[in-house]
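Asker: got a structure for you, letters missing:
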């Protein structure tokens, strides 16, 4: 039995600036004016009131100035018996408002003929008259208005504070979860701030700010401040914040400047010379993609060309695992996983005809004690005298749904990748009848026993290079795309040392022959020169006759376990493994396989993999995805052949998810049935390792 108590406190602060009220508050009952402002109020349907103060107070009409604040005074009379108000006001009778001693002196110095403080209904909420009589009044836009500025201003602040107690009965101390909850729960505050500011200052400065910490993309926040000069000024315009600089394409400026630059931009005129200058940091990435409609009638297909760039450290993690120790596989470490069969290992090691049983340990295992399908077990891995034991609740995975087993029976692939803190365990019967782990562990668990499984992946701290489970995970698999529509024959790969545009793509053999990295790493053994051999492109959809195979997507699998540190032998060139290692020499990258620090290991990339591929979907498609999130508004250019399409007329676009919908697809393609659709856009950067600084100047006489 599980008992769980959750206490959550939510505090929302939304300061809103209201405008002048059209109704005398003296006409409203006392409860309509005051009850909404009290903390402990009996009627929650009555909305609060707010006082106009600061720069929002209008310049016309009686008001007082306290430092930078202006407090409007007017004709509303509070009839408040013995209730303290803010700013030191105290009501002595129902008709007369008296002040603390300090305030009358200040008010007399600031304002002559002071009357009563005006209270105005909150502009963001229905007024008290609306709450009482159900009539709507015209909403007033919140603004700061002075002789120097006219600004609309809105600030939001949201804070959530929550905690919980959890207790299980019966409780198991082995899960390191306290059986007795603490008196005070752990509280985790979450504070989000947002501001919107729009208007002008001195009729020369334009302010446009839209910032919200709750947004998924930081680059979606907008900050624009601009100055416009008068006729005849040398400086005609100065922009600070998000700036757009229009320059012709230049190889010196990253082949075009994105609109998402944050910095300064100036436009001016000096005699007959116009100039424009910018200094900013690039915050967006320019992208392009080409789509091609082919075929006629029912045979029409939509074709999309795409390119993906990976580092050698970007191998797939937490998805592909060996069931046996790869050191027992023939030709280790030069193991071609896609070419394995039952004869690759001894019968005493390979799984037999009995189904493999796979179990996954997920986070928060104690919360799953009462969920069907979980068993309590010990998962054990041993290698070179070191033993790792992981205990907990494991969930049974359905074969053909949660994972699949390669026909060789030697490795598996998961539908959903493991996170760093998750674990994987297995039990099976070998071809000789021996059991690895306790087969059918549910039987032992149901009678109170504790079964033992073979550990394939330990938790993050124990799953490191040199530990027993590290070599059971594959580190030679790279994902091309998660889409099932990739044409395997279209996948092309170029391996370069660093950036493709500036890096080397080959090594020189002792014979003087240049060998491409693609060939040196074993991917061009049987194919024509400098072409990826399709036999190393893996897509499960091509092998399983079902609508949705357990593992979707297309992958490139190298024919060796550590390709960028130990390239395989090349029989076609007569090179042994020792010779290929000598050719790679100092360019070998051991760190992506041996570095113990996960951060250093993930960022130790040396080689660059540039993958090109084609997606083909059947039928005329009126909508397509750009394959990008967080597209900057208005940055896209959609072409059908040489024709530039118009947003709202020819197409619609969802900038958040990058989905484009052609409004009249049949009509558009009827005029150009073989035309390609070309799209260019700017994507807001999710992260940048090293920011790109942009400086440019343009002149015109």
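Answerer: Received, thanks. Please read these numbers as outputs of a predicted model, since none were measured by experiment.

Asker: Which residue ranges of this protein form helices?
Answerer: 30-34, 102-110, 128-133, 441-446, 517-520, 577-584, 591-594, 598-602, 665-671 (DSSP state H).

Asker: Can you pull out the low-pLDDT segments for the stretch 251-400 of the chain?
Answerer: Applying pLDDT under 70 to the stretch 251-400 of the chain flags residues 251-261, 282-286, 293-301, 363-372.

Asker: where do the strands sit along it?
Answerer: Counting by DSSP state E, counting those that start in this stretch, the stretch 251-400 of the chain has these strands, from start to end: 261-270, 273-282, 284-294, 301-311, 320-322, 357-361, 374-383, 386-396.

Asker: want to try JSON lines for those strands, with distance to residue 673 and mean neighbour count as columns?
Answerer: All C-beta atoms are positioned from the backbone trio N, CA, C, and that covers glycine. Shown next, in JSON lines, are the strands of the stretch 251-400 of the chain (distance: least, CB to CB, whole Å; neighbours: other CB atoms under 10 Å):
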{"stretch": "strand 261-270", "distance to residue 673": "40", "mean neighbour count": "17"}
{"stretch": "strand 273-282", "distance to residue 673": "39", "mean neighbour count": "17"}
{"stretch": "strand 284-294", "distance to residue 673": "7", "mean neighbour count": "17"}
{"stretch": "strand 301-311", "distance to residue 673": "13", "mean neighbour count": "17"}
{"stretch": "strand 320-322", "distance to residue 673": "43", "mean neighbour count": "22"}
{"stretch": "strand 357-361", "distance to residue 673": "49", "mean neighbour count": "23"}
{"stretch": "strand 374-383", "distance to residue 673": "56", "mean neighbour count": "20"}
{"stretch": "strand 386-396", "distance to residue 673": "52", "mean neighbour count": "17"}
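
Asker: now these as TSV including distance to residue 197?
Answerer: Compiled in TSV, the strands of the stretch 251-400 of the chain are given as follows (distance: least, CB to CB, whole Å):
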stretch	distance to residue 197
strand 261-270	17
strand 273-282	21
strand 284-294	23
strand 301-311	39
strand 320-322	51
strand 357-361	49
strand 374-383	53
strand 386-396	50
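
Asker: do you know which of the ones you listed lies nearest residue 697?
Answerer: Proximity to residue 697, assessed across these by CB to CB, is greatest for strand 273-282 (4.4 Å).

Asker: need the strands for the stretch 501-650 of the chain, in chain order.
Answerer: Along the stretch 501-650 of the chain, counting by DSSP E, counting those that start in this stretch, strands occupy 506-508, 514-516, 537-538, 554-557, 607-618, 623-625, 637-640, 643-644.

Asker: which residues sit against the second one?
Answerer: Contact with strand 514-516 is made by 495, 505, 506, 507, 508, 509, 524, 529, 530, 573, 583, as judged by CB atoms under 8 Å, 6 or more residues apart in numbering.

Asker: The strands of the stretch 251-400 of the chain: which one's closest to residue 449?
Answerer: For residue 449, the closest of these is strand 374-383, at 9.4 Å, according to CB to CB.

Asker: Quick one: residues in contact with stretch 637-653.
Answerer: Contacts of stretch 637-653 (CB under 8 Å, 6+ apart): 631, 636, 659-664, 668-669, 672, 675-681.

Asker: what's the closest of the strands of the stretch 251-400 of the chain to residue 445?
Answerer: The nearest among those, by CB to CB, is strand 374-383 at 4.3 Å.

Asker: which other helices and strands contact that closest one?
Answerer: Applying 3 or more CB pairs under 8 Å, 6 or more residues apart in numbering; DSSP states H and E, we find strand 374-383 packed against strand 357-361, strand 386-396, strand 423-429, helix 441-446, strand 452-457.

Asker: ok, 7 Å please
Answerer: Contacts defined by 3 or more CB pairs under 7 Å, 6 or more residues apart in numbering; DSSP states H and E place strand 374-383 against strand 386-396, helix 441-446, strand 452-457.

Asker: can you pull the pLDDT of residue 631?
Answerer: For residue 631, the pLDDT comes out at 78.

Asker: got a list of what it touches?
Answerer: For residue 631, the contact set (CB atoms under 7 Å, 6 or more residues apart in numbering) comprises 655, 658, 681, 682, 683.

Asker: any idea how far the residue nearest to the first one when sequence neighbours are not counted is from residue 647?
Answerer: Meaning residue 655. Using CB to CB, 6 or more residues apart in numbering and skipping residues adjacent in sequence, the residue nearest residue 655 is residue 631, 4.6 Å away. Using CB to CB, to the nearest Å, residue 631 is found at 12 Å from residue 647.

Asker: Quick check: closest non-adjacent residue to residue 486.
Answerer: Excluding the flanking residues, the one nearest residue 486 by CB to CB, 6+ apart is residue 554, at 4.3 Å.

Asker: Quick check: the one you found touching residue 477?
Answerer: No. Using CB atoms under 7 Å, residue 554 makes no contact with residue 477, being 11.1 Å away.

Asker: what about these two, which has more around it?
Answerer: residue 554 (25 against 19; other CB atoms under 10 Å).

Asker: show me what contacts that one?
Answerer: Counting by CB under 7 Å, 6+ apart, residue 554 makes contact with 480, 481, 486, 488, 491, 537, 539.

Asker: Tell me how many other residues crowd the fifth one.
Answerer: Burial of residue 491 is recorded as 22 neighbouring residues (other CB under 10 Å).

Asker: repeat for the last one
Answerer: The criterion is other CB under 10 Å. On that basis, residue 539 has 20 neighbouring residues.

Asker: how about it, what does it touch?
Answerer: The neighbourhood of residue 539, defined by CB under 7 Å, 6+ apart, consists of 486, 488, 554.

Asker: Ignoring the adjacent residues along the chain, who's closest to residue 360?
Answerer: With CB to CB, 6+ apart as the criterion, residue 360 has its nearest non-adjacent residue at 5.1 Å, and that residue is residue 395.

Asker: now do residue 595
Answerer: That would be residue 601: by CB to CB, 6+ apart, it lies 3.9 Å from residue 595.

Asker: Ok, residue 418 next?
Answerer: Excluding its sequence neighbours, the residue lying closest to residue 418 (CB to CB, 6+ apart) is residue 318, at 3.5 Å.

Asker: Domain-wise, how is this structure divided?
Answerer: What automatic domain parsing lists as the domains of the chain is 17-141, 157-283, 286-291+621-684, 320-472, 478-612.

Asker: any idea which of those domains scores lowest on pLDDT?
Answerer: Out of those, domain 17-141 stands lowest, with a mean of 43 (criterion: mean pLDDT).

Asker: Check the contacts of residue 631 and tell me the two furthest apart.
Answerer: Greatest spatial distance in the contacts of residue 631: 658 and 682, 11.5 Å, computed using CB to CB.

Asker: on that earlier part again, quick one, which of the helices and strands packed on strand 374-383 is nearest to residue 424?
Answerer: Between those, strand 452-457 lies closest to residue 424; by CB to CB that is 4.3 Å.

Asker: now that closest one and strand 374-383, what's the angle there?
Answerer: Relative orientation of strand 452-457 and strand 374-383, computed by axes from the mean of the first three to the mean of the last three CA atoms, to 10 degrees: 70 degrees.

Asker: Neighbouring strands - and their directions - for strand 452-457?
Answerer: In the sheet, strand 452-457 lines up against strand 374-383 (parallel), strand 423-429 (antiparallel) (DSSP bridges).

Asker: what does the last one rub up against?
Answerer: If you take CB under 7 Å, 6+ apart as the criterion, strand 423-429 is touched by 321, 323, 351-352, 354, 356-361, 379, 390, 394, 418, 435-439, 441, 453-459.

Asker: rewinding a little: any idea which of the contacts of residue 631 has the most stuff around it?
Answerer: Highest neighbour count within these, by other CB under 10 Å: residue 682, with 26 neighbours.

Asker: and it, what are its bridge partners?
Answerer: Going by DSSP bridges, residue 682 forms beta bridges with residue 286.

Asker: and the gap between it and residue 242?
Answerer: Using CB to CB, residue 682 is found at 12 Å from residue 242.
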